[in-house]
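Participant: give the three-dimensional model of this entry:
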Amino acid sequence: MISFGMPTLIELNSLEESAALCRELGLKFIELNMSFPQNQLEKLDADELLRIKERYGIFYTVHLDEELNPCSLNSGVRQAYVENVLGVVELAKKLGIPTLNMHMLRGIYCTLPTKRVFIYEENEPVYLEYLRQFRDRVTEAIGDSGVKICVENTDGFDLPFLLHGLDLLLESPAFAMTYDIGHDYAINCADKPIIMEREEHLMHMHMHDALGTKVHLALGDGEMDLESYLRLAAEHDCRVVLETKTVAALRQSARWLYGRIV
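Facilitator: Here you go, the predicted structure:
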């Protein structure tokens, strides 16, 4: 059964406001975005999160920092990112948070006269070794808790080192996949075959409408075949974030959604 949730919205000043809106709209969870200052690990109080969770009858997922780079070539930076994720895993275990969403970064590139060359592409064995170390430490920390780190498609898996990295992570039972349908639509659905080849790992979805390359539209404001994605989400019992950027768009998306599934 699909569970629908909402993202962290910049218009809302507190988690309590978000929770109240989440309940009002009949949604089940809030995705805490750790790129926001209020959601930094040292500012998240487990007891307060639990209080709000119980008061409003919701749960949480987490969107890990969008700058998260466990493959940084700087050892200190790399270690800091890994330790941050391990801290989030411990919080997730305390609060019953089922999903941590992460991006895979392309990293730095050099612009040559005829093409871009990515540093990770030229040093793929190093990149994959650091990713393997990250995977194994996280897998050990998660243990049998059921927490999953879901890898999201963002700008596409068109670079071989990204696809190799994705498959390396998916070798662990602690990792799964997030399908961001709007971002994929904006690149002519280039990632859909990759995701469908690995659909047994699909557990999470970011749903927003799109019009050409314009994304994060309210459901119904774009040109996507959203109902086909709802069917896919239902097939895999996905948790689905209605990933709009404003309260108004979230309200519209909820109205559109419940007009079709209720």
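Participant: what is the mean pLDDT for the helix or strand hosting residue 87?
Facilitator: Per DSSP states H and E, residue 87 falls inside helix 75-95. For helix 75-95, mean pLDDT is 98.
Participant: now the element after it, going C-ward?
Facilitator: strand 99-103.
Participant: pull out the buried residues from the helix holding residue 87.
Facilitator: 78, 81, 82, 84, 85, 86, 88, 89, 91, 92, 95 (16 or more other CB atoms under 10 Å). From N, CA and C alone the C-beta is placed, and that goes for glycine too.
Participant: now the strands: where do they sit in the stretch 151-262 of the chain?
Facilitator: 175-180, 202-207, 209-211, 214-217, 239-242 (DSSP state E, counting those that start in this stretch).
Participant: list the contacts of the first one.
Facilitator: The contact list for strand 175-180 (CB atoms under 8 Å, 6 or more residues apart in numbering) reads 101, 135, 139, 148-154, 169-170, 195, 198, 201-206, 229, 232, 238, 243.
Participant: which residues does the residue nearest the centre of the chain contact?
Facilitator: The C-alpha lying nearest the average C-alpha coordinate of the chain belongs to residue 101 (CA atoms, centre = their mean; 3.1 Å). Residue 101 sits next to 31, 61, 62, 63, 64, 149, 150, 152, 178, 204, 206 when contact means CB under 8 Å, 6+ apart.
Participant: that one and residue 186, how far apart?
Facilitator: 18 Å (CB to CB, to the nearest Å).
Participant: pull the most distant pair out of the buried residues of helix 75-95.
Facilitator: Based on CB to CB, the longest span within these runs between 78 and 95 and measures 26.6 Å.
Participant: now do the phi/psi pair for the closest residue to residue 77 other than its chain neighbours.
Facilitator: Distance criterion CB to CB, 6 or more residues apart in numbering; nearest residue to residue 77, sequence neighbours excluded, is residue 69 at 7.2 Å. Note on residue 69: its backbone torsions stand at phi -140, psi 90 [degrees, to the nearest 10].
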